[in-house]
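Asks: Sequence and computational prediction follow.
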Amino acid sequence: YVTQIYRSSEILQHLVENLFLFSKLDLGRVEFDQATVDLRAYFADFVAERAPWYEDQGLALHLEPFDDTEPLLVRLDPQEVQRVVENILGNSRKYGGEQPSVDISIGEGEEKEDASGRTAVVRFADHGPGVPEAELSKLFESFYRTDKARSQTAKGSGLGLAIARGIVEGMGGRIHAETTAGGGLTVVLSFPVLQVEKGKENVE
């Protein structure tokens, strides 16, 4: 009973923390500590460091080879981006099927931020049961669950993707979901690419 009470209190504490963060994001009161980041290098480091831990948790991570080795520079808060990524991967671990895995790919998108701009795109593709097409746009609503049976708090607060959207949009990016080719769910992040003159990069 003591163990059960302790686990329940941890779940409630996590829910309260998520509600507090979501409220701050909704009111625009989160201050982002943004820096110039090479998106390719950031995710290469993330996967190298975190893939063994996720493998222990039952989720296989795979970083697709880069189609370009040039730095893909964007303005991000690295710590908050990690929170977004962990929320996305956490969902794939819970709902990605019997042997969940996520393929991460990074490149430039066709969608332009403006007439002369470029867009960096990060895709997190899992191969689980996926989500009905009509419900993809609702995934980022607070407390939304595609499977009504997932109502128990032990499966999560229902705020993870809503928080991810608040963080991404707060940093000037975009987030959406689509169906993975062959089945599954893909979450897509996009950010404007910085136009930096050669020799003047200041990358963290």
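Replies: Structure's in. What do you need?
Asks: wait, residue 34 sits on residue 81?
Replies: No. Under the contact definition of Cβ atoms under 8 Å, residue 34 does not touch residue 81, with a separation of 9.9 Å. Yep, even glycine has a C-beta here, placed from its N, CA and C like the rest.
Asks: Next, the contact list for the closest residue to residue 100 other than its chain neighbours, please.
Replies: For residue 100, ignoring the flanking residues on the chain, the nearest one in space by Cβ to Cβ, 6 or more residues apart in numbering is residue 59 at 5.0 Å. Contacts for residue 59 (Cβ atoms under 8 Å, 6 or more residues apart in numbering) come out as 89, 92, 93, 96, 100, 101, 102.
Asks: What about the residues you listed, which are in strands?
Replies: When DSSP state E is applied, the contacts of residue 59 are split such that 101, 102 fall in strands.
Asks: Closest one to residue 129 out of the contacts of residue 59, please.
Replies: Proximity to residue 129 was ranked across these by Cβ to Cβ; first place goes to residue 96, at 8.4 Å.
Asks: Could you count how many residues lie near residue 77?
Replies: 19 (other Cβ atoms under 10 Å).
Asks: Repeat that for residue 61.
Replies: Applying other Cβ under 10 Å, I find that residue 61 has 21 neighbouring residues.
Asks: and it, what are its bridge partners?
Replies: residue 102 (DSSP bridges).
Asks: correct me, but it touches residue 89?
Replies: Yes. In this structure, residue 61 is within contact of residue 89 by Cβ under 8 Å, at 7.5 Å.
Asks: Overlap of the contact sets of the two?
Replies: Taking Cβ under 8 Å, 6+ apart as the contact rule, the neighbours common to residue 61 and residue 89 are 54, 102.
Asks: Helices along this structure, start to end?
Replies: Assigned by DSSP state H, the helices in the chain fall at 2-26, 39-56, 78-95, 160-170.
Asks: CSV please, covering the ones you listed and showing mean pLDDT, distance to residue 141 and mean neighbour count.
Replies: As requested, those are arranged in CSV below (pLDDT from 0 to 100; distance: least, Cβ to Cβ, whole Å; neighbours: other Cβ atoms under 10 Å):
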stretch, mean pLDDT, distance to residue 141, mean neighbour count
helix 2-26, 63, 11, 12
helix 39-56, 95, 26, 15
helix 78-95, 90, 14, 19
helix 160-170, 87, 6, 21
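Asks: okay if I get those helices as JSON lines plus distance to residue 127?
Replies: Below are these laid out as JSON lines (distance: least, Cβ to Cβ, whole Å):
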{"stretch": "helix 2-26", "distance to residue 127": "27"}
{"stretch": "helix 39-56", "distance to residue 127": "15"}
{"stretch": "helix 78-95", "distance to residue 127": "9"}
{"stretch": "helix 160-170", "distance to residue 127": "18"}
